[in-house]
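Student: A predicted structure for the sequence below; I have some questions about it.
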Amino acid sequence: MTDRGNYWLSPNRLRLTRRRLVVAAGAAAAALAAACGSKSGQGGAPAGSAAQGQPSAGTPQQGGTLAVTQTTNPPTLDAQRTTSFYGLLQSGAVYSRLLQWNSGPSADVIENHDVLPDLATSFESSDAITWTVKLRPDAKYQNIPPVNGHAVEAEDVKQAFARALATESPFRASLDMLDPTQITTPDKATVVFKLKYAYAPFQAILASANYGWIYPREAAAGAYDPAKMMIGSGPFLFDKYTPDVAVEYKRNPDYYGKPLPYVNALKWTIIPDPAQQRAQFTGGNLDVAGSGGSTAITSFDLESLKRDNPKAEIKKGDPQAGQLLFVNLGDPSSPFQDVRLRRAFSMGIDRATISKGGDNGDAVPQWYVPLALGKWALHQDQLPADTAQWYKNDPANAKKLLQASGHENDQFKLIFVTGYLGPAYEQAAQTTANMLQQAGLKVSLVQVDYTKDFIGGGKGIRYGNFDKNSIVFAGLTNLSDVDDYLSAYWRTGATSGLSKLSDPKLDDQISKARTVVNADERVKAYQEIQKYMADQAFGICGFAVSNSYRISQPRVQGYNYDLGYGSGLESWAKLWLKS
């Protein structure tokens, strides 16, 4: 077996041998627990706690209620049954994962995508097929029926992943390396995963804030309804949910990561209007804005926010949520089966004008993977010249391609979603429709509701249920790994994609790339996949997406920049409020 490259480095950067691939999570946990004043790894702060990557902000103090916001109601509290941004967000406060992402005071820390322990004290593999995970002994679930505070054990892990693989799970296709019958529990503290094939980035599965949550085994047994009640082992306990008002949490006094969390309560207020979100922040009613489900802060907002909140801290990161036009590729009779039509749509869009109007020019073109994934994401300057031509605004050649495809008289609908990504997104959708019309495409704009039509109880547009002459302007779900994005959205049989693509060449490329264990070679493989997808215009992308900004009140100390749905642990539990 050849050298693995730096992908296989442990969190404390120890180089691993050829015979044994080990992430020494236990050592990292012990070191970090000691830094937090714990006598041992048991009962101490988990890796990545307040001692990890924090600015010098004084001694953490206990108390207070952290007020954050999100734009709309979560359609369900069950993270294993939704792809909704607003549903998945809630999980990070209550549930634990085997691993977590290392976060810090700047975006570059979490964008490195290094893992640290959460429930696991170690995980190891000799071949990237069989993975052995050891569990910490001091984690337990909330002490309410029917779980009654029992310890987090290997059987809980096994049943949590089995539930994530059930037919009701929209992410099950992303876990196709797992066979639930091949997850074994030699003892209460040991879980062994035997994968169907070598899967190099398995640590991203264990750290995933989409499907890595460790539910109690009672959830899989149907003893309670996770859609209405969250029972976890994480830093916060679910308190109550009042639709259109807030989701509220309280500190978990039995959390294994003591002294975390520092705040006594977390209130996720629901504020649909982004202007009202910013006003509430300026009025001191919100502690953090621009993350955790709130509407993104753009460069247009920065000047006024800085003026009205001169003592607030602003953090900047790479874009972390791409926008694409999804087309129907699952219906054999769809006009979008013709690549010429897809390219015509792409060439009919002036992306630079959209960016200037919506993001004040403070935006970066993205393709199939958000730039927050760093080296794994395709950048515009990496496109081959014969592919880059499809992403230049060229109405004349767009019309030629349209005529060549034979669909110049077809009527198309451009679907956009309200209550979703805010005014800049809605403006971009309207501008895009106008541009396509000017390029000769007969496009009408159709507005749909996020909860009712887009999510639709797991049967909406988000899951590929739209007609063959429609295009959907939508964002990407926050995922943890490049393979996540490409497999979840574009592989044949993907259960959380919109386009329902089936392309044997792409499937083969992804299957080969996910077995590559050398980091540099794996980066190259995934870059080549994205170039092929861009050339084929499977999704009409290249839209410029704003850099990500976060703003926090002066009383917020030790705030870590996070990505996606793990903010409950990777940010909220680790900060404190200065009195």
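Tutor: On my side now, so go ahead.

Student: how much space between the residue nearest the centre of the chain and L305?
Tutor: In the chain, the C-alpha nearest the mean C-alpha coordinate belongs to N478, at 2.1 Å (C-alpha atoms, centre = their mean). For N478, the distance to L305 equals 23 Å [C-beta to C-beta, to the nearest Å]. C-beta here means a position set from N, CA and C on the backbone, and glycine is covered the same way.

Student: check I415 too.
Tutor: For I415, the distance to L305 equals 32 Å [C-beta to C-beta].

Student: cool, and N143?
Tutor: 42 Å.

Student: who has more neighbours, the two?
Tutor: In this view N143 and L305 are compared by other C-beta atoms under 10 Å, and L305 has more residues nearby, 20 against 13.

Student: residues contacting stretch 241-248, please?
Tutor: Applying C-beta atoms under 8 Å, 6 or more residues apart in numbering, the contact partners of stretch 241-248 are N73, P74, L77, Q90, D239, K240, A265, L266, K267, W268, T269, I270.

Student: out of the residues you listed, which are buried?
Tutor: Among the contacts of stretch 241-248, those buried by neighbour count (16 or more other C-beta atoms under 10 Å) are N73, P74, L77, Q90, A265, L266, K267, W268, T269, I270.

Student: farthest-separated two in those?
Tutor: For the buried ones among the contacts of stretch 241-248, the farthest-apart pair by C-beta to C-beta is N73 and A265; their separation is 19.8 Å.

Student: quick one: contacts for H113?
Tutor: Counting by C-beta under 8 Å, 6+ apart, H113 touches W101, A204, L373, G374, S480, D481.

Student: go on, S552?
Tutor: Contacts of S552 by C-beta under 8 Å, 6+ apart are D287, V288, A289, A312, E313, K315, Y559.

Student: what sits against the second one?
Tutor: With C-beta under 8 Å, 6+ apart as the criterion, the residues that contact V288 are L66, V68, S294, R550, I551, S552, Q553, V556, Y559.

Student: just give me the least confident of the contacts of H113.
Tutor: Ranked by pLDDT, those bottom out at S480 (76).

Student: how much space between that one and A128?
Tutor: In terms of C-beta to C-beta, S480 sits 17 Å off from A128.

Student: what do you get for P423?
Tutor: 45 Å.

Student: these two - which one has more neighbours?
Tutor: Shown here are P423 and A128; by other C-beta under 10 Å, A128 has more neighbours (22 against 14).

Student: tell me what the helix ranked longest in the chain is packed against?
Tutor: Determined from DSSP state H, the single longest helix within the chain is helix 519-536. If contacts are counted by 3 or more C-beta pairs under 8 Å, 6 or more residues apart in numbering; DSSP states H and E, helix 519-536 sits against helix 385-388, helix 482-490, helix 504-513.

Student: wait, doesn't Q509 sit right on E528?
Tutor: Yes - if you go by C-beta atoms under 8 Å, Q509 and E528 touch, sitting 7.1 Å apart.

Student: quick one, what contacts A128?
Tutor: The contact partners of A128, by C-beta under 8 Å, 6+ apart, come to L21, L195, A198, Y199, A200, F202, T515, V517.

Student: pull out the buried members of those residues.
Tutor: For the contacts of A128, a neighbour count by 16+ other C-beta under 10 Å gives the buried set as L21, L195, A198, Y199, A200, F202, V517.

Student: S502: which of the residues you listed is nearest?
Tutor: Proximity of the buried ones among the contacts of A128 to S502, judged by C-beta to C-beta, is greatest for Y199, which lies at 21.9 Å.

Student: what's the offset of stretch 162-181 from the middle of its chain?
Tutor: Offset of stretch 162-181 from its chain centre (C-alpha atoms, centre = their mean, to the nearest Å): 18 Å.

Student: contacts for it?
Tutor: Contacts of stretch 162-181 (C-beta under 8 Å, 6+ apart): 80-83, 158, 161, 183, 193-197, 199, 202, 205, 210-211, 215, 219-220, 458, 463, 484, 487-488, 491, 493-496, 514.

Student: just the terminal-to-terminal distance for that stretch.
Tutor: Taking C-alpha to C-alpha, to the nearest Å as the measure, stretch 162-181 stretches 9 Å from start to finish.

Student: pull out the buried residues from that stretch.
Tutor: In stretch 162-181, counting by 16+ other C-beta under 10 Å, buried: 162-165, 169-178.

Student: and that stretch, what's its mean pLDDT?
Tutor: Here stretch 162-181 scores 87 as its mean pLDDT.

Student: now do stretch 208-219
Tutor: In the prediction, stretch 208-219 has an average pLDDT of 93.

Student: what about it, start to end distance?
Tutor: 19 Å.

Student: give me the below-cutoff pLDDT ranges for the protein.
Tutor: 1-57, 291-296, 357-361, 422 (pLDDT under 70).

Student: domain ranges for it?
Tutor: According to automatic domain parsing, the chain comprises the domains 6-233+553-577, 323-546.
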